[in-house]
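S.K.: Provided below for reference: sequence and predicted model.
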Amino acid sequence: MGVILLELINLARITLLAWVIERYPRQFDLMHDYITQSIMIVLAFLLFLLYLQRIEGAKR
């Protein structure tokens, strides 16, 4: 389930980047290199933490 969620979030990221390059082409590098990648890293980390909680709960 986590992989599917990450793929959907990535699809939203790509859609956002396509919109940014159409409307604000000068901001594309900032959005691509820093903002959206940072968001993806944070979301992946949060999903990992949820996964760890789920594993820990299953052990008990």
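M.R.: Everything's here; your move. Numbers count the residues shown, from 1 in each chain.
S.K.: Please report how far the one residue sitting closest to the centre of the chain lies from Leu52.
M.R.: Central residue of the chain (C-alpha atoms, centre = their mean): Met40, 2.8 Å from the mean position. From Met40 across to Leu52, the span is 19 Å (C-beta to C-beta, to the nearest Å). Glycine gets a C-beta too; all of them are placed from N, C-alpha and C.
S.K.: same deal with Lys59?
M.R.: From Lys59 across to Leu52, the span is 11 Å (C-beta to C-beta).
S.K.: between these two, who's got more neighbours?
M.R.: Ranked by neighbour count (other C-beta atoms under 10 Å), Lys59 and Leu52 place Leu52 first, with 10 against 5.
S.K.: any idea of the pLDDT on the more buried one?
M.R.: The model reports Leu52 with a pLDDT of 93.
S.K.: show me where this protein has helices.
M.R.: Ranges of helices within the chain are 2-23, 28-30, 36-59, based on DSSP state H.
S.K.: List the buried residues for the first one?
M.R.: Across helix 2-23, burial judged by 16 or more other C-beta atoms under 10 Å covers 9, 13, 20.
S.K.: Spatially nearest residue to the last one (excluding sequence neighbours)?
M.R.: Think Val20. Met31 (5.0 Å; C-beta to C-beta, 6 or more residues apart in numbering).
S.K.: next one: Ala44
M.R.: Using C-beta to C-beta, 6+ apart, the nearest residue to Ala44 is Leu6, at 6.3 Å.
S.K.: okay, the angle between the lowest-mean-pLDDT helix or strand in the chain and helix 2-23?
M.R.: Taking mean pLDDT, DSSP states H and E as the measure, the chain has helix 36-59 as its least confident helix or strand, at a mean of 91. Angle of helix 36-59 versus helix 2-23, following axes from the mean of the first three to the mean of the last three C-alpha atoms, to 10 degrees, is 170 degrees.
S.K.: dump the residue contacts of the residue nearest to Val20.
M.R.: 16-17, 20 (C-beta atoms under 8 Å, 6 or more residues apart in numbering).
S.K.: confidence score at it?
M.R.: According to the prediction, Met31 has pLDDT 97.
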